[in-house]
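A.B. asks: Below are the sequence and a predicted model for it; my questions follow.
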Amino acid sequence: MAEAVGSEAGRPAHGKGALAVLFFLHAAALAAYTVPLANVLKAYGIGDGAITMAFCTGALAAFISPMVAGSLADRRVPPERLLAGLCAASAVFLILTFRAIEGRWGAPWVLGWMMVYALCSAPGFGLVTSIVLSRLGDARREFGPVRAAATVGWMVAAFFISRVVHGDFSVSSGYWAAGIFLVEAVFCMGMQPTYPGASREPRRWRDFFGWEALQLLRHPDHRIIFAASAVFSALISTFYRYSAAHLADLGDPSPSATMGVAQVLEGVAMFGLAGLLTRFRLKWVLVAGLVAGALRLGLMATNEQALLVVSIALHGPVFVLFYPTSQLYLEQRVDPGLRAQSQALLSLLNGGVGSLSGYLVLGFWHGRCTSEWGVDWTRFWTPLAVATGILAVFFVGAYRGQGRSE
């Protein structure tokens with residue numbers, strides 16, 4: 001087993017094209033149901049509180065399954081095979097979730113199936129990222145263009161669901177997403193597996209749950225990266241939960257397609273990321289993402305439809321500047337034996353701590369900004385923009401890095 005293909009000395013020989021396809025499929029599956037989810041649930045009689053809880057299921061799952069999956073990928077199971085199994089399970093439980101929505105079984109059934117689905121899907125993007133980064137010769141230069149395929153996948157799926165199958169308010173979006181997950185599972189089974197070394201077998205229960213990655217928090221820069229990611233995720237968790245609703249309030253007939261604009265600039269930014277990372281320190285690329293995030297939320301607060309579209313377009317560059325850069329930071333500065341677990345910990349803090357607190361706190365705040373006349377969107381978005389600006393200032397002062405040698 002120790003000599004199997006996939007060790008640090010000999011990586012599997014899948015080209016960048018196959019890695020781009022993997023990103024494309026995974027993002028397309030997620031976009032197909034996520035973008036219209038709030039409107040679909042509302043159209044089938046699910047109340048606002050249950051809609052918020054539906055988004056919380058992914059955040060709750062992020063506390064559990066990514067760390068376990070990361071530990072398995074680092075120690076026992078080839079990540080390609082693990083991802084295939086999780087994608088297949090995600091497809092099955094997503095079908096059950098949308099069947100419950102379509103059959104109007106009630107919120108408890110919908111949330112129950114969605115929670116099981118979330119447990120299966122939560123490790124997905126972290127595993128995809130770990131698989132791709134482990135197969136790139138120069139991640140700093142190559143990751144951006146390969147990762148851009150996820151942007152294209154998200155865009156294509158959002159456009160297809162909104163304009164081709166008219167799924168903005170239909171359960172067909174979930175069934176299409178399940179089908180894409182199944183295609184991804186088959187694709188993963190065709191990839192050459194990466195076997196972990198025999199010396200990585202877990203010796204304690206805490207190793208099985210991925211808690212070994214918690215030692216990364218002892219490093220001051222690692223702490224700042226993880227903490228800033230969690231807070232930033234909480235602040236921008238509103239994007240998919242409330243942006244589509246805001247657009248609908250302003251009279252947009254196809255909010256899913258409009259939100260796809262975010263992916264246009266995200267794709268451009270992905271191709272430009274390599275150039276930025278070779279010219280600037282990681283610190284300043286991350287700061288640029290935080291500042292752009294504050295600007296984006298500020299534009300949302302104007303409650304002007306044209307500026308709202310500009311803000312949605314900015315979401316792509318905001319995402320690229322901060323999140324893939326954070327993933328590259330971990331790839332460069334974390335022991336390879338903790339590669340999958342470090343990405344899983346980032347997923348836990350972003351999708352778990354960050355998104356869950358964001359959905360709950362901002363869900364409460366959204367209620368306070370809602371009256372019989374509708375939502376006061378300016379009041380809702382303004383504090384989020386200010387808080388993001390404060391986070392950017394904090395990051396500038398707290399993060400040190402390794403200078404130009406980063």
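C.D. replies: Looks like it arrived, so ask away. Numbers count the residues shown, from 1 in each chain.
A.B. asks: same question for the strand or helix carrying residue 289, mean pLDDT?
C.D. replies: Taking DSSP states H and E as the definition, residue 289 sits inside helix 282-300. Across helix 282-300, pLDDT averages out at 91.
A.B. asks: could you point out which element follows that helix?
C.D. replies: Following helix 282-300 in sequence order, the next helix or strand is helix 305-333 (DSSP H and E).
A.B. asks: Give me the helices and strands touching that following helix, please.
C.D. replies: Applying 3 or more Cβ pairs under 8 Å, 6 or more residues apart in numbering; DSSP states H and E, we find helix 305-333 packed against helix 124-134, helix 139-159, helix 220-236, helix 238-249, helix 255-259, helix 261-279, helix 282-300, helix 339-347. For glycine as for every other residue, the C-beta is placed from the backbone atoms N, C-alpha and C.
A.B. asks: again, only using 7 Å
C.D. replies: If contacts are counted by 3 or more Cβ pairs under 7 Å, 6 or more residues apart in numbering; DSSP states H and E, helix 305-333 sits against helix 139-159, helix 220-236, helix 238-249, helix 255-259, helix 261-279, helix 282-300, helix 339-347.
A.B. asks: tell me what the fifth one is packed against?
C.D. replies: Pointing back at helix 261-279 there. Applying 3+ Cβ pairs under 7 Å, 6+ apart, one finds that helix 261-279 contacts helix 139-159, helix 305-333.
A.B. asks: How about the contacts made by residue 307?
C.D. replies: When contacts are counted by Cβ atoms under 7 Å, 6 or more residues apart in numbering, residue 307 touches residue 299.
A.B. asks: Please repeat the previous calculation with a cut-off of 10 Å.
C.D. replies: For residue 307, the contact set (Cβ atoms under 10 Å, 6 or more residues apart in numbering) comprises 298, 299, 300, 301.
A.B. asks: tell me which of those is nearest to residue 72?
C.D. replies: residue 300 (39.4 Å; Cβ to Cβ).
A.B. asks: Okay, that closest one and residue 319: tell me how far apart.
C.D. replies: From residue 300 over to residue 319 the distance is 15 Å, taken as Cβ to Cβ, to the nearest Å.
A.B. asks: still on that earlier bit, filter the contacts of residue 307 down to just the buried residues.
C.D. replies: Listed as buried from the contacts of residue 307 are 298, 299, 300, 301; burial here means 16 or more other Cβ atoms under 10 Å.
A.B. asks: Could you pull up the residues touching the second one?
C.D. replies: Applying Cβ under 10 Å, 6+ apart, one finds that residue 299 lies in contact with 306, 307, 308, 309, 310, 311, 312, 313, 314, 381, 385.
A.B. asks: how about CSV for those residues, with distance to residue 230 and pLDDT added?
C.D. replies: Shown next, in CSV, are the contacts of residue 299 (distance: Cβ to Cβ, whole Å; pLDDT from 0 to 100):
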residue, distance to residue 230, pLDDT
306, 32, 85
307, 28, 88
308, 26, 85
309, 29, 85
310, 27, 87
311, 22, 87
312, 23, 84
313, 25, 83
314, 21, 86
381, 20, 91
385, 18, 93
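A.B. asks: Between these, which sits nearest residue 120?
C.D. replies: residue 312 (29.0 Å).
A.B. asks: Verify the stated contact: that closest one with residue 242.
C.D. replies: No - applying Cβ atoms under 10 Å, one finds residue 312 not in contact with residue 242, separated by 11.6 Å.
A.B. asks: Name the residues contacting each of these two.
C.D. replies: Common neighbours of residue 312 and residue 242, using Cβ under 10 Å, 6+ apart, are residue 300.
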